[in-house]
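Colleague: I need the structure of the sequence given here:
(chains A and B)
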Amino acid sequence: MIAILIRDMRLAMRAGGGFGLGLAFFLIVVVLVPFGVGPQSAILAEIAPGILWVGALLACLLSLDRIFALDFEDGSLDLLATAPIPLEGVVAMKALAHWLTTGLPLTIAAPFLAVLLHMPQNGFVWLVITLATGTPALSFIGTFGAALTVGLKRGGLLLSLLVLPLYVPTLIFGAEALHRGMAGLDATTPLLMLAGITTGVIALLPFVAAATIRINLR
Amino acid sequence: MDRALPLFLRGLLGYAGDMELMNVRNLACTRGGAAVLEGVNFTLSAGQVLLLRGPNGIGKTTLLRTLAGLQPAIEGAIETEPDTITYGAHADGLKSTLTVAENLEFWAQVYGMRDINPALDAFNLQNLKTRDAHNLSAGQKRRLGLARLLVTGRKIWALDEPTVSLDMASVELFADAVRAHCKAGGAALIATHIDLGIAADLLDLTANKAKPRDLAGFDEAFE
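Modeller: Sure thing, here's the model as predicted:
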């Protein structure tokens, strides 16, 4: 299973692999928002948590359809499905690889980009904590969505429509925990809810996604 | 005599004679919700090559996918030990940005094998080892796809048109690989239209074309 993780990471890093796509998108969103909203730092600081979370979420969404579509097109998904590794493990590894190439870089880059939005310094720690807790859920939910639409031509639109509602709880609790943390309030409850969503989807969705792929390959 | 010899004894003696690797009885398969094949019967023994014949669209690919476990049969039984079959499709499953060696090493790791050199030698890929897969010609890609079979260590090769885009010399390499595989106690099930020059049995599927049947009650997604 480590072999799959290594292969997917390697493919993402090579030319045309999509690594940096999410990061670049995140950068563009965060750079453009101050131009659109105006230079009042009070307003920017107020909306910064929401913008950063929405930006991270959309950046994650951008690279989802690559997870299985490329493997489906070149036939490796068929071969992986008949390989001795359980398909659930394949799915989990692919989701992990997606997180390592999008979620993790976004989490690391977020505090630097937060400066552009005049986010107060005490928010940086909370930003990293909430994104680190929440983005794995985005990758695993997205992998499930990608499994549902594998084999569909131009399935990207359908994928976004399917996945966005599933992303909403993660966004709500993630942004709420960040807001509260920044305001010096107790953020335990939203943070625990966020962690609950993440652990829940990591535990359950690989099984669901593997079952959907088996059906889609028929 | 064959039946009397317990499996573990055969293993101990390295017995590869008439050992049955796969037994298919009264198999019926579907494609896109319509029945395409029915009443398929055959046995595959160690060392045997079985060529699937039949006109385009008869269901050779569907049969191979069903045997590989990628789709369920609607009736009949496939008796085989788990993890004996490997499927080689029209597509080679290569990653264009990985090198030849990286592609092959990945599949070797997935199947728990270490050494990719015998596979590279068998398909004359040693001097292309460090080349990216997208710089290969169609025939070279095919050879790499076929070399994957050697790193799976599986006994039954189920191959769909394996010789497409191969030149004469490469077809000969492939035939040699199949012969060596059969000699080592493996077997192959090959859908092909050309003569490979291998001693093989024929399985003509023309007579197995399914009559239209009512598949109501058979929910393809959940059976």
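Colleague: just the pLDDT at residue A:58, thanks.
Modeller: Residue A:58 carries a pLDDT value of 92.
Colleague: might you report the residue contacts of it?
Modeller: A:25, A:29 (Cβ atoms under 8 Å, 6 or more residues apart in numbering or on different chains). The way it works is simple: take the backbone N, C-alpha and C, and place the C-beta from them, glycine included.
Colleague: where do the helices sit along chain B?
Modeller: Along chain B, counting by DSSP state H, helices occupy B:7-13, B:60-68, B:100-110, B:117-122, B:138-152, B:168-183.
Colleague: meant to ask about chain A, not that
Modeller: A:2-13, A:21-37, A:41-62, A:66-73, A:76-81, A:87-98, A:104-114, A:123-148, A:156-183, A:188-216.
Colleague: and residue B:149, how many neighbours?
Modeller: 26 (other Cβ atoms under 10 Å in any protein chain shown).
Colleague: residue B:88 is in contact with that one, correct?
Modeller: Yes - between residue B:149 and residue B:88 there is a contact at 6.0 Å, judged by Cβ atoms under 8 Å.
Colleague: spit out the residues that contact these two alike.
Modeller: With Cβ under 8 Å, 6+ apart as the test, residue B:149 and residue B:88 both reach B:157, B:159.
Colleague: so what's the residue nearest to residue A:101 when sequence neighbours are not counted up against?
Modeller: Closest residue to residue A:101 apart from its sequence neighbours, by Cβ to Cβ, 6 or more residues apart in numbering or on different chains: residue A:12 at 4.3 Å. For residue A:12, the contact set (Cβ under 8 Å, 6+ apart) comprises A:18-19, A:97, A:101.
Colleague: show the buried residues in those residues.
Modeller: Listed as buried from those are A:18-19, A:97, A:101; burial here means 16 or more other Cβ atoms under 10 Å in any protein chain shown.
Colleague: that older thread, tell me which of the helices of chain A sits most buried.
Modeller: helix A:123-148 (a mean of 24; mean count of other Cβ atoms under 10 Å in any protein chain shown).
Colleague: where does chain A dip in pLDDT?
Modeller: The model of chain A has pLDDT under 70 over residues A:15-17.
Colleague: report how many residues lie close to the residue in it that chain B sits nearest to.
Modeller: With Cβ to the nearest Cβ as the measure, residue A:75 is the residue of chain A nearest to chain B, at 2.6 Å. Neighbour count of residue A:75, defined by other Cβ under 10 Å: 18.
Colleague: look up the closest residue to it, ignoring the ones flanking it.
Modeller: Nearest one to residue A:75, counting by Cβ to Cβ, 6+ apart, is residue B:91 at 2.6 Å.
Colleague: wait, isn't that neighbour in contact with residue A:72?
Modeller: No - look at residue B:91 against residue A:72 with Cβ under 8 Å: they stay out of range, at 9.4 Å.
Colleague: name the nearest residue to residue A:109, sequence neighbours excluded.
Modeller: Residue A:109 sits nearest to residue A:23 (Cβ to Cβ, 6+ apart), 6.1 Å away.
Colleague: contacts only, for that neighbour.
Modeller: A:59, A:102, A:105-106, A:109.
Colleague: one more pass at 10 Å, please.
Modeller: Going by Cβ atoms under 10 Å, 6 or more residues apart in numbering or on different chains, residue A:23 touches A:59, A:101-102, A:105-106, A:108-109, A:113.
Colleague: ok, now residue B:172?
Modeller: Neighbour list for residue B:172: B:166, B:196-197 [criterion: Cβ under 10 Å, 6+ apart].
Colleague: in ChimeraX, select just the buried ones from those residues.
Modeller: ChimeraX command restricting the contacts of residue B:172 to the buried ones, with burial defined by 16+ other Cβ under 10 Å:
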select /B:166,196
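Colleague: please report phi then psi for residue B:184.
Modeller: The phi/psi pair for residue B:184 (degrees, to the nearest 10) reads phi -80, psi 10.
Colleague: ah, wrong one, I meant residue B:70
Modeller: The phi/psi pair for residue B:70 (degrees, to the nearest 10) reads phi -80, psi -20.
Colleague: separation between it and chain A?
Modeller: Residue B:70 is 5 Å from chain A, where distance means Cβ to the nearest Cβ, to the nearest Å.
Colleague: that residue is in contact with residue B:89, isn't it?
Modeller: Yes - Residue B:70 is within contact range of residue B:89, at 9.2 Å (criterion: Cβ atoms under 10 Å).
Colleague: so what's the residue count around whichever residue of chain B sits closest to chain A?
Modeller: Nearest to chain A in chain B, going by Cβ to the nearest Cβ, is residue B:91, at a distance of 2.6 Å. Neighbourhood size, residue B:91 [other Cβ under 10 Å]: 17.
Colleague: close to chain B: what parts of chain A are there?
Modeller: A:1-4, A:6-8, A:10-17, A:70-85, A:90, A:211-212, A:214-218 (Cβ under 10 Å from any Cβ of the partner chain).
Colleague: change it to 8 Å
Modeller: A:2-4, A:7, A:10-11, A:14-17, A:73-76, A:78-85, A:215, A:217-218 (Cβ under 8 Å from any Cβ of the partner chain).
Colleague: and residue A:198, what is it in contact with?
Modeller: A:133-134, A:136-137, A:140, A:170.
Colleague: again with residue B:186
Modeller: Counting by Cβ under 8 Å, 6+ apart, residue B:186 touches B:46-47, B:154-157.
Colleague: how does it look with 10 Å?
Modeller: Counting by Cβ under 10 Å, 6+ apart, residue B:186 touches B:16, B:21, B:46-49, B:84, B:86, B:149, B:153-157, B:178, B:180.
Colleague: mind giving me the ChimeraX command for buried ones among these?
Modeller: Command for ChimeraX that selects the buried part of the contacts of residue B:186, burial taken from 16+ other Cβ under 10 Å:
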select /B:16,21,46,47,48,49,86,149,154,155,156,157,178
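Colleague: min pLDDT across the contacts of residue B:186, which one?
Modeller: Among the contacts of residue B:186, residue B:16 has the weakest pLDDT, 46.
Colleague: just give me the residue right at the centre of chain B.
Modeller: residue B:158 (1.3 Å; Cα atoms, centre = their mean).
Colleague: that residue against residue B:62, yeah?
Modeller: No - Residue B:158 is beyond contact range of residue B:62, at 11.9 Å (criterion: Cβ under 10 Å).
Colleague: need the helix or strand of chain B with the lowest average pLDDT.
Modeller: helix B:7-13 (a mean of 47; mean pLDDT, DSSP states H and E).
Colleague: widest-spaced pair of the contacts of residue A:23?
Modeller: A:101 and A:113 (17.9 Å; Cβ to Cβ).
Colleague: hang on, the earlier thing: mind listing what the residue of chain B closest to chain A touches?
Modeller: Residue B:91 touches A:72-79, B:141, B:145, B:160, counting by Cβ under 10 Å, 6+ apart.
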